[in-house]
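Asks: Requesting a structural model of the entry that follows:
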Amino acid sequence: MSPPADIAPLWFQCDYPDCNTKYRRKEHLNRHRNHHNGEINLACPYCESVLTRNDLLRRHIRTYHPQRHAPPSRKFRACSACHARKVRCEGVLPCNACQHRGIICVPSGGETAGEQQSCIDDLRPLPPVSTIDDSVSDAPRWIAHDYIDIYFNSFHPEWPFLHRGTFDFAKEPCVLVQSVVAIGLWVKGTREARDASIQLHGRLCSAFYAQMDQWCISNSSPRQRTSTPWPITTFQSVLLNIILALFIARENVSMDLNMRCRLRDDKYELLTALVRSCRQCGIFSYPNMLLQHEADAPLALVYVSIEEIKRFGLALYKVCRLSTSFHLTGESANGDRNALLTLADLSFCMPDSDELWNAPLGAESEVLSKADSSAAGRDNGDAKNWISQASTLVHDGRVGFDWI
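Replies: As a prediction, this is how the structure comes out:
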């Protein structure tokens, strides 16, 4: 709507001699004056070009020197919500506008590598305190969106042990969210993202080591009651970081003659501690899985929980098959295999179909109807169908051939 006739529109006019240029916004006029004053001369660090504005210099570098990094922007980037509403944004996260509206403040896309790195750095876990989750609870979660998407789109199909349908990054423990983000950063594949992934991975592992007494159960510890809640999200977080350690180790092509990847001693200790804790809890026993829930618990909740533990067990077994320590060779390596998960440990049958596992959850009845009608439905209660039964067929202690 045009302004009333008696109110003249506000213009900012250049006062330079013989220049009648007008602008609606004062900052545009100020930028224009720099052309007259010759105050800004930005030389390209990669050629002899000279430009008058920082944004032009950045565009020049992206166009003519695509392999080079442009200098960081001098201005803050508006968040996605402010950018969409075209309102002023302070460029800090969370911004005042988003806090006032009570919404999550998410940065707009198009960050440079340097800006992205500074955002990633904000995800770092804090020094260990009372619990593992407390040690990372102050880390902002807004940067997590993109890397969680990368995790589920690229990594999850190969390692499907988190349930995508119920994963809510705003409600999951920070230690699990950041472990997922660390994987997402690595999978993204850029040098900056992988460096950030390694840093985040190192800090998470430091928290695991420092607080082992809270999640690791030694062989000398009293066996827990089967109804005691299991720290599944912590176990999942530890496993994700061991998988990431394997990715990092494979970059260095560290393998033994059995084609197993050699982990650093501290990471191998983390793996054996995880296996030991799972064994002591008895989490890979189907009857124990059922005892984790009250008799009147929603059936959909029980179903998803059991399927998640099954897939976690298979993923941990897979990692154990891929892993060894730098200092284990020959007979000592074969003997130490008992410290890792075996088929005999997996006292449950195969998980249900991927189609059912990856289906979006609606009502509980939808999940249960799919489970009941699934042609691949398992008789979980029949021990003859458990994976552990296969160990008697494929393993013989008198045969040292390490093939499965």
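Asks: nearest residue to Arg311 other than its sequence neighbours?
Replies: Phe161 (4.1 Å; C-beta to C-beta, 6 or more residues apart in numbering). Every residue, glycine included, has its C-beta placed from N, CA and C.
Asks: Could you look up the SS state of that neighbour?
Replies: coil (DSSP: H, G, I helix; E, B strand; the rest coil).
Asks: Identify the residues contacting it.
Replies: Gln236, Leu239, Glu308, Arg311, Phe312, Leu314, Ala315 (C-beta atoms under 8 Å, 6 or more residues apart in numbering).
Asks: So, low pLDDT: which residues of the stretch 101-250 of the chain?
Replies: 101-143, 219-227 (pLDDT under 70).
Asks: buried residues in the strand or helix carrying Tyr303?
Replies: Per DSSP states H and E, Tyr303 falls inside helix 299-322. Neighbour counts over helix 299-322 (16 or more other C-beta atoms under 10 Å) mark 300, 303-317, 319-322 as buried.
Asks: With stretch 282-295 instead?
Replies: Here stretch 282-295 shows Gly282, Ile283, Phe284, Ser285, Tyr286, Asn288, Met289, Leu290, Gln292 as buried, counting by 16+ other C-beta under 10 Å.
Asks: And the residue nearest to Arg311, how far from Leu346?
Replies: Remark: distance between Phe161 and Leu346 (C-beta to C-beta, to the nearest Å) = 13 Å.
Asks: list the residues that contact both of these two?
Replies: Leu314.
Asks: just the helices in the stretch 51-200 of the chain please.
Replies: In chain order, the stretch 51-200 of the chain shows helices spanning 54-64, 80-85, 96-101, 113-121, 144-150, 174-188, 191-210, with DSSP state H, counting those that start in this stretch as the criterion.
Asks: hang on, the earlier thing: I'd like the average pLDDT over the helix holding Tyr303.
Replies: The average pLDDT for helix 299-322 rounds to 93.
Asks: for it, packing partners?
Replies: Applying 3 or more C-beta pairs under 8 Å, 6 or more residues apart in numbering; DSSP states H and E, one finds that helix 299-322 makes contact with helix 232-251, helix 265-281, helix 286-291, helix 364-373.
Asks: following the last one, which helix or strand shows up next?
Replies: Where DSSP H and E defines the elements, the next helix or strand beyond helix 364-373 is helix 391-394.
Asks: who touches Asp354 in this structure?
Replies: Asp354 touches Pro160, counting by C-beta under 8 Å, 6+ apart.
Asks: Can you give me the distance of it to Ile387?
Replies: 17 Å.
Asks: Next: Ser49.
Replies: 65 Å.
Asks: who's more crowded, these two?
Replies: Neighbour count, other C-beta atoms under 10 Å: between Ser49 and Ile387, Ile387 has more, with 19 against 15.
Asks: May I have the predicted confidence score for Val50?
Replies: At Val50, pLDDT is 70.
Asks: wait, it sits on Cys44?
Replies: Yes. The criterion here is C-beta atoms under 8 Å, and Val50 meets it with Cys44 at 7.3 Å.
Asks: who's more crowded, these two?
Replies: In this view Val50 and Cys44 are compared by other C-beta under 10 Å, and Cys44 has more residues nearby, 16 against 12.
Asks: nearest spatial neighbour of the more buried one, skipping sequence neighbours?
Replies: His60 (6.0 Å).
Asks: Met212 now?
Replies: Ala273 (6.5 Å).
Asks: Got the confidence number for the one you found?
Replies: Among the per-residue scores, Ala273 shows a pLDDT of 95.
Asks: Could you do the one 4 residues further on as well?
Replies: Listed pLDDT for Ser277 reads 94.
Asks: any idea how far it is from Leu301?
Replies: From Ser277 to Leu301 the distance is 23 Å (C-beta to C-beta).
Asks: Same check on Arg62?
Replies: 50 Å.
Asks: again, but for Ile248
Replies: 35 Å.
Asks: For the helices of the stretch 51-200 of the chain, give me JSON lines that also has distance to Phe167.
Replies: Below are those laid out as JSON lines (distance: least, C-beta to C-beta, whole Å):
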{"stretch": "helix 54-64", "distance to Phe167": "36"}
{"stretch": "helix 80-85", "distance to Phe167": "22"}
{"stretch": "helix 96-101", "distance to Phe167": "23"}
{"stretch": "helix 113-121", "distance to Phe167": "21"}
{"stretch": "helix 144-150", "distance to Phe167": "8"}
{"stretch": "helix 174-188", "distance to Phe167": "8"}
{"stretch": "helix 191-210", "distance to Phe167": "18"}
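Asks: Please identify which of the ones you listed is closest to Leu10.
Replies: helix 80-85 (22.2 Å; C-beta to C-beta).
Asks: Now do Trp357: how many residues are near it, please.
Replies: Trp357: 18 neighbours (other C-beta under 10 Å).
Asks: Next, the contact list for it, please.
Replies: Pro160, His163, Glu307, Arg311, Pro351.
Asks: Provide a list of residues in contact with the third one.
Replies: This points to Glu307. His163, Pro351, Asp352, Trp357.
Asks: List the buried residues for stretch 200-218?
Replies: Leu200, His201, Arg203, Leu204, Cys205, Ala207, Phe208, Gln211, Met212, Trp215, Cys216, Ile217.
Asks: from the residues you listed, which is closest to Thr342?
Replies: Ile217 (18.3 Å).
Asks: gap between that closest one and Arg262?
Replies: Distance, Ile217 to Arg262, using C-beta to C-beta: 26 Å.
Asks: Surely Gln280 is in contact with Cys216?
Replies: No. With contact taken as C-beta under 8 Å, Gln280 and Cys216 are classed as non-touching, separated by 9.2 Å.
Asks: who touches both of those two?
Replies: Contacts common to Gln280 and Cys216, judged by C-beta under 8 Å, 6+ apart, are absent.
Asks: Nothing else from me, thank you.
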